[in-house]
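Visitor: pasting a predicted model and its sequence here:
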Amino acid sequence: MAKNMLFFVVLPFVVSLALGDTCDNSTFPTDASGDQILGLDAVGSAKSFEDCQQACCQKSTCEVFQFEPPGGRGGCWIGRWGMRGPSTGWSGRGKAQPPPPPPAPPGLYVIDDTPGLGLRWEGVGAISGGGATSKLLKDYDPAVASDILDFLFLPNFGLNLQMLKVEIGGDADATEGAEPSHMHFDGDLNYNRGYEWWLMNEAKKRNPGIKLYGLPWSFPGWLDPSATHDKPAKNPFADANTTANYSAHFILGAQSHNLAIDYIGQWNERNAPGPYVPALQAAVAKVSPNTIVLNRLPHYPGTTVTPDPQGCQQYQWNTTDGSRWADEEGSVADGQSARCLARCLSRNYVTECRTATFQWHLISSFYDYLPWKRCGVAVANTPWSGSYEITSPTWALAHTSQFAPIGWRYTMHNSGVQLLPSGGSVVTRVSQDLQDFSIVLEKMDHASSYCARGSHPSYDTYSEVVTLQLKGKLLAAAQSKGLYMWYSNLTDGNDSNQLFVNKGKVSLENDTLKVPMFAGDIYTITTLSTGGKGNHTVPAAKPLQIPYTQDFDNETLYSPPKYWYDQMGAWEIHTAPAGGSGQVMRQMVPVWPACWGYSCTGPTTYFGPSDYLQGTLNISFAVYLEDDAKISLNSGKNVLCSLDSETGDFVVGKQTGTGAKFTHGMWHQVSVSTTSSGMVLMLDGAILGKTTEGGFDGALMLQLSRYVFANIDNFSVTNSTN
């Protein structure tokens, strides 16, 4: 795609209209089609080009409007003139033509090892967890899951992740959902639960050098002696040594899977009490002397507009204690995430001396109706179809992770590490023998590269021609091995033709290389010839098929049940209790956990997407409670049905009743049907209640009122015949 000059906001309006006036193309003499103008505001009520024009006309500060029909980003966007970046599909007009930007300063940047080297590069990291973010990946067909894992971990194929940080499950919601603990209660120990062991093993198979890091968000309730079935744990550090030994058992669990944990943290985004730190250090030293216990690390530090004044020379260059890491960044979706990460990964070092950056989260393998959807580097949340997306953040990070192994070093500030006066940055990482190096140039504009949080002060961005001048042993390496270029423009984060493009071998002119740069551009220039953009055939998306039945008999013991997603507690595959047969999904947490944040309800699990819940359906399951509790089946905010084994109370839709013969310690068959005339609740084959009110309002959620063992079998969703 041809590049266009980038413009910045400067002109007042040349046309002034009173509010309420209408206008036509004569009011907007300037064509604003073709490229995308950044920094505009959406107008959801405008459904056509003409509506969009009138919306701009009605706003006194509006200088330009753009419209794109559904299918792309879509919709109406209005505001002041801003930077323009390459993107097809937009039509629009403006009230005045902005002038060209001021001339860029001479863009000569010296890349030189002669002054010495900076800090040690510690890698691109990403997080599986902070809310069961990877759960549905395990539910994919193994061959498709393998393809997705290639994009995440295989060197020179996709993300090429260098550090994998996983949640140490604590049975409670850690943002979207809950991950199962390896110790649900005192005396319990199971290293085959969940999916993090599997994910770490798959990462190591593809990249044996990847670093592994475990960190807890929540903790199981038994660590607080005051917690009960009905009372949440409040102090998981009641006995520092007990909690430290609990965390150390996670390392032992990894060892049982032939995995070595390189780093372990104390508590996500919280300060652990003082006695816990030495207790954890002592417990870890006993089971894994090489595992480094980290202090609490900064999350979302963001970047500034000023390079570190000491050029990062105030820090020990070869530290490996995590003290210079950005432990979380990102947390936005798709193209914005790519631009956020491209900015932070480079400028985190230039301005803050951060030597590693972790993206939260690795892969969005949870349902879209849960918080923070699509914030991973890939999206894989329809395992029944096999479809998935490798989104632009993968390629934004690959510009660094494929070309800078852990242990390389930065060049000194102003010798390959600096901010560009016209917006952007240059960062150079060098092998310790000075035989290889990689330069990352990025020009992310301010308005479109926000992360979810973190410092991001305003700055201007202009197009320019960046001239790199190589010196010292880096020049010799380039002359000996040649230079290879990879390019992305992240303005349109969904245009794969602009993502991670191999530009091949490039030539120096004596000792210099000229690189034209526009907003949204990121380049890697490297002596390494090993980069690659992998490709697998992606299955077509399709909806969950109804009828759907699940008896759990062919699922792996102790694993989470397929297509179910826990938000609180832990449902696992187990052998059926007395009176049942085969396998069931069993709620395994007997004490209310120490919640980290977000929800803190009784055991809660979701099934499937929400789009199949419409029309006339019958939802049926067998349930065996091992102690008294109320069990509810909800759709969004609507209660479909509930049954209380202690009181006999029940609910169907908005109708309440009592006298249900529903007790713990025996199997019951429950079904709720939506019909053309309302809803029907059946218990053990007999109608228990009817209502003309209520119905589906969103995703299907199963919830218990208290933390007891409970079993579900023979779950089905079928078309109702009533």
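Guide: Thanks, I have it.
Visitor: quick one: stretch 291-311 to chain centroid distance?
Guide: Centroid separation for stretch 291-311 versus its chain: 20 Å, with Cα atoms, centre = their mean, to the nearest Å.
Visitor: what pLDDT, on average, does that stretch get?
Guide: The average pLDDT within stretch 291-311 is 96.
Visitor: now do the end-to-end distance for that stretch.
Guide: End-to-end span of stretch 291-311 (Cα to Cα, to the nearest Å): 30 Å.
Visitor: mind listing what's buried along that stretch?
Guide: Neighbour counts using 16 or more other Cβ atoms under 10 Å place 291-294, 296-304, 307-308, 311 of stretch 291-311 among the buried residues. (C-beta placed from N, C-alpha, C; glycine too.)
Visitor: what does stretch 535-548 give?
Guide: Neighbour-count burial for stretch 535-548 flags 536, 544, 548 (criterion: 16+ other Cβ under 10 Å).
Visitor: what's it in contact with?
Guide: Contacting residues not belonging to stretch 535-548 are listed as 144, 147, 150-151, 382, 384-389, 563, 608-609, 611-612, 617, 716-719 [Cβ atoms under 8 Å, 6 or more residues apart in numbering].
Visitor: returning to that earlier point: may I ask which two of the buried residues of stretch 291-311 are separated the most?
Guide: Based on Cβ to Cβ, the longest span within those runs between 291 and 307 and measures 34.3 Å.
Visitor: gap between residue 440 and residue 412?
Guide: Separation of residue 440 from residue 412 (Cβ to Cβ, to the nearest Å): 16 Å.
Visitor: one step back: now flag whichever of the buried residues of stretch 291-311 is closest to residue 396.
Guide: Distances from residue 396 to the buried residues of stretch 291-311, taken by Cβ to Cβ, are shortest for residue 303, at 14.8 Å.
Visitor: which pLDDT does the model give the nearest residue to the closest one once chain neighbours are set aside?
Guide: The shortest distance from residue 303 to any residue other than its chain neighbours is 3.9 Å, reached at residue 347 (Cβ to Cβ, 6 or more residues apart in numbering). Note on residue 347: pLDDT of 98.
Visitor: residue 347 should be in a helix, yeah?
Guide: Yes. Assigned with DSSP: H, G, I helix; E, B strand; the rest coil, residue 347 falls within a helix.
Visitor: can you count the residues close to it?
Guide: 24 (other Cβ atoms under 10 Å).
Visitor: can you tell me the SS state at residue 136?
Guide: helix.
Visitor: looking at it, it is touching residue 384, isn't it?
Guide: No. With contacts counted by Cβ atoms under 8 Å, residue 136 stays clear of residue 384, the gap being 9.8 Å.
Visitor: give me the common contacts of those two.
Guide: residue 563.
Visitor: quick check: residue 346 vs residue 397, distance?
Guide: Going from residue 346 to residue 397 by Cβ to Cβ gives 11 Å.
Visitor: make that residue 31, sorry
Guide: When residue 31 is compared with residue 397 (using Cβ to Cβ), they lie 36 Å apart.
Visitor: rewinding a little: of residue 136 and residue 384, who's got more company?
Guide: Between residue 136 and residue 384, counted using other Cβ under 10 Å, residue 136 has the larger neighbour count: 25 against 18.
Visitor: contacts only, for the more buried one.
Guide: Listed by Cβ under 8 Å, 6+ apart, the contact set of residue 136 reads 365, 366, 367, 380, 381, 382, 383, 563, 565.
Visitor: change it to 7 Å
Guide: 365, 366, 380, 381, 383 (Cβ atoms under 7 Å, 6 or more residues apart in numbering).
Visitor: what does residue 397 give?
Guide: By Cβ under 7 Å, 6+ apart, the neighbours of residue 397 are 124, 159, 341, 345, 359, 377.
Visitor: check residue 302 too.
Guide: So residue 302 contacts 344, 451, 454, 455, 456 (Cβ under 7 Å, 6+ apart).
Visitor: nearest residue to the fourth one other than its sequence neighbours?
Guide: The shortest distance from residue 455 to any residue that is not its chain neighbour, by Cβ to Cβ, 6+ apart, is 3.4 Å, and that residue is residue 302.
Visitor: for stretch 162-171, buried residues please.
Guide: By 16+ other Cβ under 10 Å, the buried positions in stretch 162-171 come out as 162, 163, 164, 165, 166, 167, 168, 169, 170, 171.
Visitor: and the end-to-end length of it?
Guide: 27 Å.
Visitor: next one: stretch 681-696
Guide: Using Cα to Cα, the two ends of stretch 681-696 sit 14 Å apart.
Visitor: buried residues in it?
Guide: In stretch 681-696, counting by 16+ other Cβ under 10 Å, buried: 681, 682, 683, 688, 689, 690, 691, 694, 695, 696.
Visitor: which members of these are the farthest-apart pair?
Guide: 683 and 696 (20.7 Å).
Visitor: show me where the stretch 1-150 of the chain has helices.
Guide: Assigned by DSSP state H, counting those that start in this stretch, the helices in the stretch 1-150 of the chain fall at 49-57, 142-153.
Visitor: and the next helix or strand past the last one?
Guide: From helix 142-153 onward toward the C-terminus, using DSSP states H and E, the following helix or strand is strand 163-168.
Visitor: sheet-wise, list the partners of that following strand with their directions.
Guide: strand 123-128 (parallel), strand 211-216 (parallel) (DSSP bridges).
Visitor: tell me which of these sits nearest to residue 470.
Guide: Closest to residue 470 of the strands paired with strand 163-168 is strand 123-128 (Cβ to Cβ; 24.6 Å).
Visitor: thinking again about what came up before, how about the buried residues of stretch 162-171 in CSV, adding distance to residue 91 and pLDDT?
Guide: Formatted as CSV, the buried residues of stretch 162-171 follow (distance: Cβ to Cβ, whole Å; pLDDT from 0 to 100):
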residue, distance to residue 91, pLDDT
162, 42, 98
163, 44, 98
164, 44, 98
165, 44, 98
166, 46, 98
167, 46, 98
168, 51, 98
169, 50, 98
170, 51, 98
171, 52, 98
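Visitor: tabulate those (a markdown table), appending distance to residue 514.
Guide: Output for these, formatted as a markdown table (distance: Cβ to Cβ, whole Å):
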| residue | distance to residue 514 |
| --- | --- |
| 162 | 31 |
| 163 | 35 |
| 164 | 38 |
| 165 | 39 |
| 166 | 43 |
| 167 | 46 |
| 168 | 49 |
| 169 | 51 |
| 170 | 53 |
| 171 | 57 |
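Visitor: which one of those is nearest residue 476?
Guide: Of the buried residues of stretch 162-171, the one sitting nearest to residue 476 (Cβ to Cβ) turns out to be residue 162, at 27.2 Å.
Visitor: residues contacting that closest one?
Guide: Residues near residue 162 by Cβ under 7 Å, 6+ apart: 123, 124, 125, 210, 211, 401, 406.
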